[in-house]
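# Here is a sequence together with a model predicted from it:
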Amino acid sequence: MNNKFTISDIYDVFKKKSCFLYHGVGNGMGAGANTNIDPLQHLKNALSTNYELCCSTISSGDSLYTNNYFGELGFILKIKHPDSITYICPNDAGSSKTANNRRHTTYGISQPIGLSDVEDSITNRGISYLNLPGTAWNEWGVQSYDVFGLFIDTGLPFSFFINNQIVTIGLNNIENAFPGMNIYARDHVGDLRQVFYCPKNHISWGSSITISNIYP
(Lines give C-alpha, C1' and ligand atoms only; values in the text may rest on other atoms or scores of the structure.)
Protein backbone atom coordinates (compact mmCIF):
# COMPACT_ATOMS: atom_id res chain seq x y z
CA MET A 1 0.00 0.00 0.00
CA ASN A 2 1.34 3.44 -0.97
CA ASN A 3 -1.25 5.78 0.56
CA LYS A 4 -1.05 6.44 4.27
CA PHE A 5 -4.65 5.78 5.26
CA THR A 6 -7.19 2.98 5.34
CA ILE A 7 -10.58 2.90 3.63
CA SER A 8 -12.17 3.42 7.06
CA ASP A 9 -9.99 6.50 7.58
CA ILE A 10 -11.10 8.17 4.37
CA TYR A 11 -14.75 7.24 4.89
CA ASP A 12 -14.58 8.79 8.36
CA VAL A 13 -13.39 12.01 6.71
CA PHE A 14 -16.30 11.89 4.26
CA LYS A 15 -18.74 11.51 7.16
CA LYS A 16 -17.08 14.27 9.17
CA LYS A 17 -17.09 16.64 6.19
CA SER A 18 -20.55 15.46 5.02
CA CYS A 19 -19.41 14.84 1.46
CA PHE A 20 -19.29 12.12 -1.16
CA LEU A 21 -17.00 11.31 -4.07
CA TYR A 22 -18.47 12.14 -7.47
CA HIS A 23 -17.51 11.60 -11.08
CA GLY A 24 -19.65 13.59 -13.52
CA VAL A 25 -19.78 13.18 -17.27
CA GLY A 26 -18.37 16.68 -17.69
CA ASN A 27 -15.07 15.47 -16.23
CA GLY A 28 -13.87 13.45 -19.21
CA MET A 29 -14.13 10.06 -17.48
CA GLY A 30 -10.44 9.40 -17.80
CA ALA A 31 -11.02 9.20 -21.53
CA GLY A 32 -10.90 12.88 -22.43
CA ALA A 33 -13.79 15.28 -22.92
CA ASN A 34 -15.16 13.61 -26.05
CA THR A 35 -18.19 15.48 -27.37
CA ASN A 36 -18.87 12.69 -29.87
CA ILE A 37 -19.94 10.17 -27.22
CA ASP A 38 -23.32 10.18 -25.53
CA PRO A 39 -22.98 11.02 -21.80
CA LEU A 40 -24.85 7.84 -20.88
CA GLN A 41 -22.34 5.82 -22.90
CA HIS A 42 -19.51 7.61 -21.06
CA LEU A 43 -20.92 6.31 -17.79
CA LYS A 44 -21.47 2.81 -19.17
CA ASN A 45 -17.81 2.79 -20.21
CA ALA A 46 -16.81 3.69 -16.66
CA LEU A 47 -18.75 0.70 -15.35
CA SER A 48 -17.03 -1.75 -17.67
CA THR A 49 -13.51 -0.35 -18.02
CA ASN A 50 -10.88 0.48 -15.40
CA TYR A 51 -10.48 4.15 -16.28
CA GLU A 52 -8.74 6.52 -13.92
CA LEU A 53 -11.61 8.91 -13.26
CA CYS A 54 -11.41 12.63 -12.60
CA CYS A 55 -13.58 13.32 -9.54
CA SER A 56 -14.59 15.94 -6.99
CA THR A 57 -16.08 15.82 -3.53
CA ILE A 58 -19.63 17.17 -3.16
CA SER A 59 -20.73 18.59 0.19
CA SER A 60 -24.13 19.74 1.40
CA GLY A 61 -24.90 23.13 -0.15
CA ASP A 62 -22.73 22.59 -3.22
CA SER A 63 -24.15 23.45 -6.60
CA LEU A 64 -23.44 22.69 -10.23
CA TYR A 65 -24.20 26.34 -10.97
CA THR A 66 -21.49 27.68 -8.68
CA ASN A 67 -18.99 25.25 -10.23
CA ASN A 68 -18.47 23.14 -7.11
CA TYR A 69 -18.45 20.14 -9.45
CA PHE A 70 -18.99 19.34 -13.13
CA GLY A 71 -21.52 17.22 -14.94
CA GLU A 72 -25.30 17.18 -14.65
CA LEU A 73 -25.20 13.44 -14.04
CA GLY A 74 -22.59 11.02 -12.84
CA PHE A 75 -21.61 8.38 -10.31
CA ILE A 76 -21.32 8.39 -6.53
CA LEU A 77 -18.16 6.34 -6.00
CA LYS A 78 -16.76 4.06 -3.33
CA ILE A 79 -13.12 3.00 -3.34
CA LYS A 80 -11.96 -0.61 -3.33
CA HIS A 81 -8.52 0.04 -1.85
CA PRO A 82 -6.66 2.95 -0.20
CA ASP A 83 -4.51 3.18 -3.33
CA SER A 84 -7.66 3.70 -5.42
CA ILE A 85 -6.96 7.40 -4.78
CA THR A 86 -4.19 8.16 -7.28
CA TYR A 87 -3.83 11.92 -6.82
CA ILE A 88 -5.51 14.67 -4.86
CA CYS A 89 -5.66 18.45 -5.17
CA PRO A 90 -7.64 21.15 -3.32
CA ASN A 91 -7.97 22.90 -6.67
CA ASP A 92 -8.15 21.93 -10.32
CA ALA A 93 -5.24 19.55 -10.91
CA GLY A 94 -4.95 20.43 -14.61
CA SER A 95 -5.23 16.76 -15.53
CA SER A 96 -5.37 15.30 -19.02
CA LYS A 97 -5.89 11.85 -20.48
CA THR A 98 -2.97 9.55 -21.25
CA ALA A 99 -2.90 6.85 -23.92
CA ASN A 100 -3.69 4.08 -21.41
CA ASN A 101 -6.75 5.82 -19.90
CA ARG A 102 -4.84 7.27 -16.97
CA ARG A 103 -4.46 10.93 -15.95
CA HIS A 104 -1.44 13.21 -16.26
CA THR A 105 -1.61 16.01 -13.68
CA THR A 106 -0.01 19.45 -13.51
CA TYR A 107 -0.82 20.17 -9.86
CA GLY A 108 -1.65 18.25 -6.72
CA ILE A 109 -0.20 15.42 -4.67
CA SER A 110 0.41 11.94 -6.06
CA GLN A 111 0.94 8.75 -4.08
CA PRO A 112 1.89 8.36 -1.31
CA ILE A 113 -1.03 10.49 -0.10
CA GLY A 114 -1.60 11.17 3.60
CA LEU A 115 -4.88 11.52 5.45
CA SER A 116 -4.08 15.19 6.15
CA ASP A 117 -3.85 15.72 2.37
CA VAL A 118 -7.33 14.22 2.00
CA GLU A 119 -8.78 16.53 4.66
CA ASP A 120 -6.96 19.57 3.28
CA SER A 121 -8.32 19.00 -0.23
CA ILE A 122 -11.86 19.19 1.20
CA THR A 123 -11.44 21.82 3.94
CA ASN A 124 -9.38 24.16 1.74
CA ARG A 125 -11.16 23.35 -1.50
CA GLY A 126 -10.74 26.04 -4.12
CA ILE A 127 -7.78 27.87 -2.59
CA SER A 128 -4.98 29.11 -4.82
CA TYR A 129 -2.55 26.22 -5.31
CA LEU A 130 1.00 26.99 -6.43
CA ASN A 131 0.53 29.40 -9.36
CA LEU A 132 -3.01 28.28 -10.20
CA PRO A 133 -5.80 30.71 -9.24
CA GLY A 134 -8.43 29.38 -6.86
CA THR A 135 -11.38 27.41 -8.21
CA ALA A 136 -14.66 26.35 -6.66
CA TRP A 137 -13.89 22.62 -6.91
CA ASN A 138 -11.24 20.11 -5.92
CA GLU A 139 -9.94 17.24 -8.04
CA TRP A 140 -9.14 13.64 -7.18
CA GLY A 141 -7.96 10.80 -9.38
CA VAL A 142 -9.76 7.51 -8.69
CA GLN A 143 -9.34 4.03 -10.11
CA SER A 144 -10.50 0.62 -8.86
CA TYR A 145 -13.88 1.75 -7.59
CA ASP A 146 -17.44 0.64 -6.98
CA VAL A 147 -20.50 2.65 -7.95
CA PHE A 148 -22.98 3.33 -5.14
CA GLY A 149 -25.50 4.98 -7.43
CA LEU A 150 -26.14 7.84 -9.83
CA PHE A 151 -26.28 11.49 -8.79
CA ILE A 152 -28.09 14.03 -10.93
CA ASP A 153 -28.86 17.72 -10.96
CA THR A 154 -32.57 18.56 -10.75
CA GLY A 155 -32.59 20.82 -13.82
CA LEU A 156 -34.14 18.13 -16.01
CA PRO A 157 -34.12 17.43 -18.87
CA PHE A 158 -30.42 17.86 -19.71
CA SER A 159 -29.16 19.03 -23.10
CA PHE A 160 -25.79 17.99 -24.54
CA PHE A 161 -24.05 18.97 -27.78
CA ILE A 162 -23.02 15.68 -29.43
CA ASN A 163 -21.88 15.24 -33.03
CA ASN A 164 -23.00 18.80 -33.79
CA GLN A 165 -26.50 18.07 -32.52
CA ILE A 166 -28.41 18.89 -29.37
CA VAL A 167 -29.25 15.66 -27.51
CA THR A 168 -31.80 15.82 -24.69
CA ILE A 169 -31.61 13.35 -21.80
CA GLY A 170 -34.43 12.98 -19.29
CA LEU A 171 -34.68 11.00 -16.08
CA ASN A 172 -36.54 8.26 -17.97
CA ASN A 173 -33.54 7.88 -20.31
CA ILE A 174 -31.20 7.60 -17.33
CA GLU A 175 -33.39 4.97 -15.65
CA ASN A 176 -33.57 2.95 -18.87
CA ALA A 177 -29.80 3.14 -19.39
CA PHE A 178 -29.04 1.91 -15.84
CA PRO A 179 -31.87 -0.43 -14.80
CA GLY A 180 -31.77 -1.35 -11.14
CA MET A 181 -29.31 1.41 -10.20
CA ASN A 182 -30.53 3.92 -7.62
CA ILE A 183 -30.55 7.58 -8.65
CA TYR A 184 -30.13 10.42 -6.15
CA ALA A 185 -30.43 14.21 -6.12
CA ARG A 186 -30.41 17.07 -3.61
CA ASP A 187 -33.85 18.37 -2.68
CA HIS A 188 -34.69 22.02 -1.96
CA VAL A 189 -33.40 21.78 1.62
CA GLY A 190 -30.20 20.00 0.62
CA ASP A 191 -31.10 16.45 1.63
CA LEU A 192 -29.81 13.62 -0.55
CA ARG A 193 -32.84 11.63 -1.74
CA GLN A 194 -33.63 8.88 -4.19
CA VAL A 195 -35.52 10.08 -7.27
CA PHE A 196 -37.75 8.41 -9.84
CA TYR A 197 -39.12 9.40 -13.23
CA CYS A 198 -42.58 10.95 -13.14
CA PRO A 199 -44.11 11.86 -16.53
CA LYS A 200 -46.08 14.80 -15.12
CA ASN A 201 -43.37 16.50 -13.05
CA HIS A 202 -40.27 14.79 -14.51
CA ILE A 203 -39.09 13.81 -11.03
CA SER A 204 -40.64 12.06 -8.03
CA TRP A 205 -38.87 12.18 -4.67
CA GLY A 206 -38.22 9.07 -2.59
CA SER A 207 -36.55 8.44 0.76
CA SER A 208 -33.48 10.31 1.95
CA ILE A 209 -30.05 8.87 2.69
CA THR A 210 -27.06 10.07 4.68
CA ILE A 211 -23.34 9.97 3.99
CA SER A 212 -23.15 7.06 6.44
CA ASN A 213 -25.47 5.08 4.17
CA ILE A 214 -22.95 5.52 1.35
CA TYR A 215 -19.85 4.98 3.48
CA PRO A 216 -20.81 2.78 6.47
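Looks like it came in fine.

# Quick one: residues contacting Asp146.
Asp146 is in contact with 77-80, counting by CB atoms under 8 Å, 6 or more residues apart in numbering. All C-beta atoms are positioned from the backbone trio N, CA, C, and that covers glycine.

# secondary structure class for it?
Judged by DSSP: H, G, I helix; E, B strand; the rest coil, the three-state class of Asp146 is strand.

# who does it bridge with?
Beta-bridge pairing of Asp146 under DSSP bridges involves Lys78.

# which residues does the closest residue in space to Lys4 that isn't next to it in sequence contact?
Residue nearest to Lys4 in three dimensions, not counting chain neighbours: Gly114, with 4.5 Å by CB to CB, 6 or more residues apart in numbering. Taking CB under 8 Å, 6+ apart, we find Gly114 in contact with 3-5.

# Top of the contacts of Asp146 by number of neighbours, please.
Leu77 (23 neighbours; other CB atoms under 10 Å).

# residue contacts, that residue?
Neighbour list for Leu77: 20-23, 53, 55, 142, 145-148 [criterion: CB under 8 Å, 6+ apart].

# Need the contacts of Gly114 in CSV (columns: neighbour count).
Shown next, in CSV, are these (neighbours: other CB atoms under 10 Å):
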residue, neighbour count
Asn3, 22
Lys4, 15
Phe5, 21
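
# Make JSON lines out of the residues you listed and add secondary structure.
Shown next, in JSON lines, are the contacts of Gly114 (three-state DSSP):
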{"residue": "Asn3", "secondary structure": "coil"}
{"residue": "Lys4", "secondary structure": "strand"}
{"residue": "Phe5", "secondary structure": "coil"}
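
# Can you tell me which of those residues is nearest Ile88?
Nearest to Ile88 among the contacts of Gly114 is Asn3, at 9.4 Å by CB to CB.

# and the residue nearest to Asn124 when sequence neighbours are not counted, how many neighbours does it have?
Among residues not flanking Asn124 along the chain, Pro90 sits closest, at 4.8 Å (CB to CB, 6+ apart). By the measure other CB under 10 Å, the count of residues near Pro90 is 24.

# Which parts of this structure are strands?
Applying DSSP state E to the chain gives strands spanning 19-24, 53-59, 73-79, 85-89, 96-97, 103-104, 109-110, 139-142, 145-152, 158-162, 165-169, 183-186, 192-196, 204-209.

# Compare the mean pLDDT across those and name the weakest.
Ranked by mean pLDDT, the strands of the chain end with strand 103-104 at the bottom, a mean of 62.

# need the contacts of Gly114 in JSON lines with pLDDT, can you?
Formatted as JSON lines, the contacts of Gly114 follow (pLDDT from 0 to 100):
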{"residue": "Asn3", "pLDDT": "94"}
{"residue": "Lys4", "pLDDT": "93"}
{"residue": "Phe5", "pLDDT": "95"}
